[in-house]
Structure formats: structure tokens, C-alpha cells
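*Asks:* generate a structure from the sequence data that follows.
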Amino acid sequence: EKTYMIWFFSMAHKKDPKVTQESFDALNPDQKKALELLESGENIFLTGGAGCGKSYVIRHFVKELGPKQLPILASTGAAAVLVGGRTFHSSFGLGIMEGGPEATFQRASNDQRLSKRLREVEGVILDEVSMISGEALMIAEALAQNARDSKLPWGGMRVIAVGDFAQLPPMTRQ
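*Replies:* Predicted coordinates for the structure are as follows:
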């Protein structure tokens, strides 16, 4: 499988949150190319500066999908509300990762509803990925591999990561 990184250079886009043919026509060329790649079925890292339209393109992409097919996960509750998703930590059963990575993995891997959900989804969209710690991503990937009985990256799930690593760092305990 290929993984693409898409970088938006142009920031001209219509700010209307409604997804219509008219708003699709308002996408700039970079956004249209990003949408094409998102529809390809490949793993994608969608990045660009603040205000370039990453979330706008994701809204176009998910309008045709069922919410359980490719759920949108975000680093914080506020970010999840903005994209119509849920938090990364709650979706993967990580909670506050009390007891460290091993204890968190053991606790989450015993959740049969989580395992079933991970087996049934095509993949996930990770919004504001720069704010999710590497430790949380590693545990989530191990949970996906375990649930899907696969050593492929993310257990073979499709991953669409969205964010800007120059914008927001991961949240960590002090």
C-alpha cells in the first residue's frame, strides 16, 4: 500500500461548512487533488497551515461515508465536536492511560466492544494528529493489530491523519 502526504499551499477556499456541489466547485486545486487522493482508498497524511481547509476537505470526503465505516477521531473533545467525531482516547479505550502503556493496553484489549468496533471499521481519520502522543498512537496501533489479528500497520486499517506538526504539539502530563 502507498501512503501519500498532501500539503496545501493555497489557502483560498470557501468557508461555508455545508457540503454542496457549489462548495465543491469552490475548492482550490490543492483541495480537489487532496479529495481525489482521499477517495483513492490509500493511507493519507493531510497537512497544511492553519486555515488552509484541511477540515473543510475532510467534511467533503466523509459526507458519503457511514460514520462507522471511517470514524473521525480528534485529540480533544473540542476538536471532536468541530469535526463531528469523538476523541481518540475514548474511541480506543485509552482513558487517561493510568498505569502506563502496558496497563492501558491490557485494560483496553479486554474490552470486547472495542475489539469488535476495530474489526468492523475500514479505518480511522485522526484529526489534529500532532496533538496525540506517540505513546497513545503506539498503544492504539497495537490494539488494532490485536483486534484484527494482523501484524500489518494498524492491523490493516486505513489511516487518514490530518494536522499540522508546526502548529500544536502533543498534550503530555507535566
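*Asks:* C-alpha only now, for contacts and for neighbours.
*Replies:* Fine.
*Asks:* how about the helices in the chain?
*Replies:* 21-25, 29-38, 54-62, 77-83, 88-91, 100-109, 112-120, 134-148 (DSSP state H).
*Asks:* quick one: which of those is nearest Trp154?
*Replies:* Trp154 lies closest, by C-alpha to C-alpha, to one member of those: helix 134-148, at 4.7 Å.
*Asks:* Ile44 against Asp127, yeah?
*Replies:* No: when contacts are counted by C-alpha atoms under 8 Å, Ile44 is not listed as touching Asp127 (11.8 Å).
*Asks:* so which of these two has more stuff around it?
*Replies:* Asp127 (28 against 21; other C-alpha atoms under 10 Å).
*Asks:* before we move on, back to that, what touches both of Ile44 and Asp127?
*Replies:* Ala161 (C-alpha atoms under 8 Å, 6 or more residues apart in numbering).
*Asks:* before we move on, the earlier item: wait, which of the helices of the chain is closest to Ala166?
*Replies:* So among these, helix 54-62 is nearest, using C-alpha to C-alpha, at 14.4 Å.
*Asks:* what is the most centrally placed residue in the chain paired to in the beta sheet?
*Replies:* In the chain, the residue lying closest to the centroid (C-alpha atoms, centre = their mean) is Leu126, at 1.4 Å. For Leu126, the beta-bridge partners are Leu73, Ala161 (DSSP bridges).
*Asks:* what's the pLDDT at the closest residue to Pro101 other than its chain neighbours?
*Replies:* Closest residue to Pro101 in three dimensions, ignoring its sequence neighbours and counting by C-alpha to C-alpha, 6 or more residues apart in numbering: Ile139, at 6.7 Å. pLDDT recorded at Ile139 is 97.
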